[in-house]
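Visitor: Please find the sequence and the predicted model below.
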Amino acid sequence: MLPLRLPCRVVLACSMSLCVCAATARAAAQRAPATSRAASRADGQWTMPARDLAATRYSPLARITTANASRLHAVWTFSTGVLGGHEGQPLVVGNTMYVVTPYPNVLYAFDLGTEGYPLRWKYRPAVDPAAVGIACCDVINRGATYAGGKIVYNLLDGHTVAVDAATGQELWNTKVADVSRGETTPMAPFVVKDRVIVGASGGEFGIHGWVKGLDLETGRVVWTAYSVGPDSEVLARAGTFRPFYDRGTDLALRSWPRDAWKTGGAPVWGWMAYDSTLDLVYYGTGNPAPYNPEQRAGDDKWTASVLARRPGDGSLVWAYQFTPHDSWDYDAASEMILAELTIGGARRKVLVHFDKNGFAYTIDRATGEVLVAKPYVDVTWAKRIDLKTGRPVLDSSKLTGASRGNVKDICPSLEGGKSPASPAAYSARTGLFYLSTNNMCMDYQASPVAHIRGTPYIGAATPYHAGRGGNMGAFIAWDAATGRTVWKIDERYPVWSGALATGGDVVFYGTLDGWLKAADARTGRVLWKFKVGSGVVGNPITYTGPDGRQYVAVYAGIGGDWFLLSGDVRSDDPADVRPPADFARDLARHTSQGGIVWIFGL
Amino acid sequence: MRPIFASLALVAALAACRGGDARGPATGTRQAPSAEPPPAVRHDEHVFAAGRVPPAAALDNPYRGDSAAATQGEKLFTAMNCDGCHGGGATGWVGPSLADGRWRYGGADAEIFQSIYYGRPHGMPAFGGLIPREGIWKLVTYLRSLPPPSDVPTESWK
């Protein structure tokens, strides 16, 4: 339906191999220092979206403490020149900071070793503007990752690129997704050894969701694993696939009406984690399409699920569905944080997941057995999770569908008890998880809807309202071994930034009305705050600069659902003037759009 | 690729449009057959290929001011997923607001018709081959029925 005029993309195979050699030589030169110094240098870097493969967003850096955090101040800012929602986070590798903007996906490389942090280079990819109309929820990007001398990230229009980290030269550029099918690629790639794993958004366009494993050196697609469909497409192989709660073959086919799975969604747009001992990559899938559940009777596996795969060949090892037959747009794209916790007196290797559906799950990451599942925000759609079956015990009055009319007061709203866009952090020092939450509920009026390839496929009107107490958000500390909130900082608006935990027992988060805040990790006492110029939907990081000092960096730049919902935070188009969100009428009093990179220090 | 149910829903939605049109003027009386729009192409391609804008002024809305047609257009706005980009009530989402009284490509009935029929740059698909002309006119009638809010030029807080 949408004619594409893709720019010519030529992978320069010859120059690529030269660049690889050059990068390898440079990397070797950088590895020269002694081991202990290399270790402290590694401590001071932030080379992948969640800092480590366990997705903890924890840094051991401890120079910023609960005693001195009040002395934090801005040391540098940079306007990205882009207005879209600045989700994601910078990377710091050696003495360079890398920043990816929302569409048009410019990649900046800042020299942290020179006063004023001037650019070493910037990479301006050719991105198809048709993707702008296919992005469900603003033209955001969730960041890059560094591996093997390359910065790897996704362009909005379905291309994954690798750029030489030293020179900014494009090394490879692979088309992984098809905009004409409603697929876009804002997620951050996840690299395990020599495999680059990427997925596509499009749960609002009825895509056939997938992840792909690319070869890090060449960008070649090695395997494709769909979220739904026959075992052959899901890569559920006999003898390898052993889900904890389900038995049988073609589960992701038989849990759908005939052919509905082909436009059934289950996109992959969140965060991934990897356990090297088990050799498993974990990630969550998005909502089933359309939002009107009566067009897809059945469990709709594996939408709204966690999948565990082998990174080498994509084989599915186990899967668990958080929200069977999702009727509320409860994507499970939130991060899966790997931790070791003592549960019932036993030390367990678990993954912890804060689902949009309002429950926090602590799961045995070898088997997929749910150990703890408790609500971390107010939940009305289900009474509890039955740990024997793994299934939610539903409140039937909250089931939605075109024949059920307007169903009122469903909590949480489809923005999630926590948005998958705002990843949590985990500190093994405190044993606590830190996360931004939304205290919002919704009404849900579903309607029959037609699928037209490459256009939205939704079929529901879902107005929001504030939940109990009136504060629309909070930043909380969560004990995942017992399933309880340890402390909570109420916020006036939904909280949509990622969390950062540090070895100094200081945690950081940002707010929609534009504050970056530091809090005591053990008590939740706010230690410091600063108004950063636009609402924060990105994820703070920390690193050691070339001067040996600890810094904190974050993007300002409200966007994602929030600029769309509170349309009056934009002022860039005289022919497009929006009303405020009816549930947050004064947000635009405190913020408007605009991307800024901030760095803070003591 | 389309699920059967959804295809039926589409057919039903379109049949409703046709049904509503049985009485009437599928085309404006002043419109000669030669003024029929060419097959749907993207707006930018059309303009740049032909070197001139589409013949917007030659099109008449057969439902102008018809509140029943506006109501049918509102239903079509959801059934054809217009709200998926332009938001509920057409107040804007990833696509621009269509309820603010401001129009990038012209707010006359015929100009809005052209925008829907041919599509526009940066994501607006051409619906000319997907929605019958009468359905597009009902969408136009719905959008034209939305009163622009009074705080469009100045938004203030107390």
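Guide: Structure received. Not measured: the values here are computed from a predicted model.
Visitor: Mind telling me which residue of the stretch 251-400 of chain A is nearest chain B?
Guide: Minimum separation of the stretch 251-400 of chain A from chain B (Cβ to the nearest Cβ) falls at residue A:260, amounting to 4.7 Å. All C-beta atoms are positioned from the backbone trio N, CA, C, and that covers glycine.
Visitor: what does chain A give?
Guide: Counting by Cβ to the nearest Cβ, chain A gets nearest chain B through residue A:133, at 1.4 Å.
Visitor: residue contacts, the closest residue to that residue other than its chain neighbours?
Guide: Closest residue to residue A:133 apart from its sequence neighbours, by Cβ to Cβ, 6 or more residues apart in numbering or on different chains: residue B:123 at 1.4 Å. Residue B:123 makes contacts with A:2, A:129-130, A:132-134, B:85, B:94-95, as judged by Cβ atoms under 8 Å, 6 or more residues apart in numbering or on different chains.
Visitor: can those go into CSV with extra columns for pLDDT, neighbour count and distance to residue A:522?
Guide: Putting the contacts of residue B:123 into CSV (pLDDT from 0 to 100; neighbours: other Cβ atoms under 10 Å in any protein chain shown; distance: Cβ to Cβ, whole Å) gives the following:
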residue, pLDDT, neighbour count, distance to residue A:522
A:2, 30, 21, 52
A:129, 84, 15, 48
A:130, 82, 23, 49
A:132, 85, 22, 44
A:133, 79, 23, 47
A:134, 82, 32, 44
B:85, 89, 23, 46
B:94, 88, 22, 41
B:95, 90, 22, 46
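Visitor: what two of these are the furthest from one another?
Guide: A:129 and B:85 (14.6 Å; Cβ to Cβ).
Visitor: out of everything not next to it in sequence, what's closest to the most centrally placed residue in chain A?
Guide: Against the mean C-alpha coordinate of chain A, by Cα atoms, centre = their mean, the closest residue is residue A:270 at 3.5 Å. Leaving aside its sequence neighbours, residue A:270 sits nearest to residue A:333 (Cβ to Cβ, 6+ apart; 3.1 Å).
Visitor: go on, residue A:242?
Guide: Taking Cβ to Cβ, 6+ apart, and ignoring the residues beside it in sequence, residue A:242 has residue A:318 as its nearest neighbour in space, at 5.9 Å.
Visitor: So the residue of chain A closest to chain B versus residue A:377, what's the distance?
Guide: To residue A:377, residue A:133 is 33 Å away according to Cβ to Cβ, to the nearest Å.
Visitor: ok, back up a step: just list the residues touching the residue nearest to residue A:270, thanks.
Guide: The neighbourhood of residue A:333, defined by Cβ under 8 Å, 6+ apart, consists of A:267-271, A:283-286, A:356, A:420.
Visitor: what does residue A:467 give?
Guide: Residues touching residue A:467, when contacts are defined by Cβ under 8 Å, 6+ apart, comprise A:377-378, A:411-412, A:439-441.
Visitor: Over to residue A:300?
Guide: For residue A:300, the contacting residues are A:228, A:255-256, A:261, A:264, A:266, A:288, A:324-326, by Cβ under 8 Å, 6+ apart.
Visitor: Test my guess that the residue of chain A closest to chain B contacts residue B:93.
Guide: No. Using Cβ atoms under 8 Å, residue A:133 and residue B:93 do not qualify as a contacting pair, with a distance of 10.9 Å.
Visitor: Residues in contact with both of these two, list them for me.
Guide: With Cβ under 8 Å, 6+ apart, residue A:133 and residue B:93 have common neighbours residue B:85.
Visitor: neighbour-wise, which of the contacts of residue A:467 leads?
Guide: If you count neighbours using other Cβ atoms under 10 Å in any protein chain shown, the busiest of the contacts of residue A:467 is residue A:412, which has 30 neighbours.
Visitor: Surely it touches residue A:375?
Guide: No. Using Cβ under 8 Å as the test, residue A:412 is too far from residue A:375 to be in contact (9.2 Å).
Visitor: Could you tell me which residues touch both of these two?
Guide: Overlap of the contact sets of residue A:412 and residue A:375 (by Cβ under 8 Å, 6+ apart) consists of residue A:358.
Visitor: in chain B, what residue is nearest chain A?
Guide: Taking Cβ to the nearest Cβ, chain B has residue B:123 as its residue nearest chain A, at 1.4 Å.
Visitor: Distance check, the residue of the stretch 251-400 of chain A closest to chain B against residue A:303.
Guide: For residue A:260, the distance to residue A:303 (Cβ to Cβ) stands at 11 Å.
Visitor: Of the two, give the one with the bigger neighbour count.
Guide: Remark: of residue A:260 and residue A:303, residue A:303 carries more neighbours, 33 against 23, as counted by other Cβ under 10 Å.
Visitor: just to revisit the earlier point, can you pull the phi/psi pair for the residue nearest to residue A:270?
Guide: Note on residue A:333: its backbone torsions stand at phi -80, psi 0 [degrees, to the nearest 10].
Visitor: What confidence value was assigned to it?
Guide: At residue A:333, the model reports a pLDDT of 98.
Visitor: Going by secondary structure, the nearest residue to residue A:320 once chain neighbours are set aside is in what exactly?
Guide: Among residues not flanking residue A:320 along the chain, residue A:368 sits closest, at 4.6 Å (Cβ to Cβ, 6+ apart). Using DSSP states H and E, residue A:368 sits in no helix or strand.
Visitor: and residue A:368, what does it touch?
Guide: Residue A:368 is in contact with A:243-245, A:306, A:308, A:318-320, counting by Cβ under 8 Å, 6+ apart.
Visitor: State the distance from it to residue B:70.
Guide: Taken as Cβ to Cβ, the spacing of residue A:368 relative to residue B:70 amounts to 52 Å.
Visitor: do the same with residue A:250
Guide: Relative to residue B:70, residue A:250 is positioned 47 Å away (Cβ to Cβ).
Visitor: Show me which of the two is the more surrounded one.
Guide: Comparing residue A:250 with residue B:70 by other Cβ under 10 Å, the one with more neighbours is residue B:70, at 19 against 14.
Visitor: Burial check on the residue lying closest to the more buried one once chain neighbours are set aside, number of neighbours?
Guide: Distances taken as Cβ to Cβ, 6+ apart place residue B:145 nearest to residue B:70, at 4.1 Å, with adjacent residues excluded. Applying other Cβ under 10 Å, we find 16 residues neighbouring residue B:145.
Visitor: okay but residue A:504 is in contact with residue A:61, surely?
Guide: Yes. At 7.0 Å, residue A:504 counts as touching residue A:61 under the criterion of Cβ under 8 Å.
Visitor: Report the set of residues contacting both of these two.
Guide: Taking Cβ under 8 Å, 6+ apart as the contact criterion, the common neighbours of residue A:504 and residue A:61 are residue A:550.
Visitor: what secondary structure does the closest residue to residue A:180 other than its chain neighbours sit in?
Guide: The shortest distance from residue A:180 to any non-neighbouring residue, by Cβ to Cβ, 6+ apart, is to residue A:454 (5.0 Å). Taking DSSP: H, G, I helix; E, B strand; the rest coil as the rule, one finds residue A:454 in the coil state.
Visitor: Thanks again, I'm all set now.
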